[in-house]
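Colleague: Show me the folded form of this:
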Amino acid sequence: MLGDAFAGAPPAGPARRLAAFAVDSAVVVAAAAVAFAVTRSTLIAALVLAELVVGVTVWEARTGRTFGNLLLGLRSARVEAPFALGSPRAGSRALVVLAGAAVAGVGQWFVVGSSAFDRTPLRQGWHDKVGRSVVVDVRAERASSGAPAGAVAPVLTSAAPPALTRAHASVPAPTPPPAAATTRVAAPSVPVPPAPARSVAVPPVAAPPIAVPPVAAPAIPASAVPAPAGPQAAPSPRPATAFVLTLDDGRWTEVRGPGVVGRSPQVAADERYDHVVTIDDTTRSVSRTHARFGVSPAGFWVQDAGSGNGTIVVLPDGRAVLAPQGARTPVPVGATVRLGERTFTVTEVPHVQ
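Modeller: Okay, the predicted model is just below:
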């Protein structure tokens with residue numbers, strides 16, 4: 001069926017797709033009817049109808065969303081990857097639907113419902129095959145993963161292993177080895193016995209004074225003196241590790257603080273970034289401000305900034321994690337971050353004492 005990057009989202013069924021198309025048609029026709037009622041002009045109503053059709057097509061091309069898709073939890077995507085369609089594919093799909101509408105004004109419903117005739121798991125309609133697209137049911141994927149309806153993807157934190165992805169959220173975490181469990185539990189659960197000298201009460205005994213000639217103590221190096229028992233001072237914090245962000249065109253940036261990346265990143269006046277990385281993207285699959293990134297004590301992280309095509313972290317073992325908007329997703333060393341059709345890799349700069 002679909003690749004791992006779709007994170008388990010199945011192709012949508014024909015009934016849901018027809019319902020979404022009905023919602024889109026109702027919105028467009030209602031707007032045209034309002035325009036006609038206000039102006040009493042058939043020309044203006046036709047212009048409003050045409051503009052809304054073009055607007056919805058462009059919206060779907062850039063985000064995979066329409067009015068009906070949003071209401072029913074569907075997304076239009078490229079058949080080979082969970083990215084927005086882009087103008088060429090979305091335009092070709094729309095032309096097939098419009099050609100169907102030319103057949104007695106109802107042919108578009110047969111075009112949209114033609115996914116019921118597809119015997120492959122992709123459930124593509126005739127317009128999907130022309131546009132090399134697929135419509136996925138993101139609501140079904142969220143329900144199967146146990147996430148709430150408003151969630152986009154589980155967030156990887158330092159408390160969860162990097163191998164936990166959206167596609168594997170239902171698999172229980174492996175049980176740690178017994179030795180590791182004993183090491184973690186034994187130390188805090190077993191009380192440390194006090195020293196014998198403190199636990200045994202010895203009555204004071206008056207001893208006769210003994211004359212001891214003064215003896216010069218030998219010099220003992222400081223390194224030979226054992227550390228005193230009891231709480232130790234916390235070690236000085238380790239300087240922040242630097243990482244290298246390498247784009248797929250060979251350009252690289254050494255990262256030591258927060259940054260933003262995109263086709264033309266926009267930074268608000270109240271935001272501070274040490275790095276602003278601009279990516280040249282003629283296909284416009286990368287949003288203007290696509291993602292934010294930075295360095296924390298746990299390592300490198302990335303956060304989607306509301307991009308159209310999403311931000312995907314491809315782990316070194318090949319599994320993919322969709323970075324949710326507004327939450328930091330850890331990026332292990334050697335992982336690849338995909339922004340639309342462009343990528344960058346993350347490597348660590350060795351720390352020198």
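Colleague: Show me the helices in this structure, by range?
Modeller: In the chain, the segments counted as helices under DSSP state H are 14-39, 42-63, 67-72, 87-101, 107-113, 126-131, 138-145, 178-189, 196-199.
Colleague: Quick one: mean pLDDT for the fourth one?
Modeller: I take that to be helix 87-101. Taken as a whole, helix 87-101 carries a mean pLDDT of 91.
Colleague: Who are the packing partners of that helix?
Modeller: Packing partners of helix 87-101 (3 or more Cβ pairs under 8 Å, 6 or more residues apart in numbering; DSSP states H and E): helix 42-63, helix 107-113, helix 126-131, strand 133-137. Using the backbone N, CA and C atoms, a C-beta is placed for each residue, glycine as well.
Colleague: that older thread, return the most buried member of the helices of the chain.
Modeller: Of all the helices of the chain, helix 126-131 has the most neighbours on average by mean count of other Cβ atoms under 10 Å, namely a mean of 21.
Colleague: export it as PDB, just CAs?
Modeller: What follows is helix 126-131, C-alpha atoms only, in PDB (Å, rounded to 0.1, in the frame of the first residue of the first chain):
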ATOM      1  CA  TRP A 126      -9.800   8.300 -12.400                       C
ATOM      2  CA  HIS A 127      -8.600  11.800 -11.600                       C
ATOM      3  CA  ASP A 128      -6.200  10.400  -8.900                       C
ATOM      4  CA  LYS A 129      -4.600   8.200 -11.500                       C
ATOM      5  CA  VAL A 130      -4.100  11.100 -13.800                       C
ATOM      6  CA  GLY A 131      -2.700  13.300 -11.100                       C
END
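Colleague: neighbouring contacts of stretch 299-306?
Modeller: With Cβ atoms under 8 Å, 6 or more residues apart in numbering as the test, stretch 299-306 has contacts from 241, 243, 255, 260, 262, 287, 289-295, 310-311, 313, 323-333, 337, 346, 348.
Colleague: May I see the ChimeraX selection of the buried members of those residues?
Modeller: Per 16 or more other Cβ atoms under 10 Å, the buried members of the contacts of stretch 299-306 correspond to this ChimeraX selection:
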select :241,243,255,260,262,287,289,290,291,292,293,294,295,310,311,313,323,324,328,329,330,331,332,337,346
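Colleague: Filter the contacts of stretch 299-306 down to just the ones in strands.
Modeller: With strands taken from DSSP state E, the overlap with the contacts of stretch 299-306 comprises 243, 255, 260, 262, 291-295, 311, 313, 323, 329-330, 337, 346, 348.
Colleague: Appreciated, that's everything.
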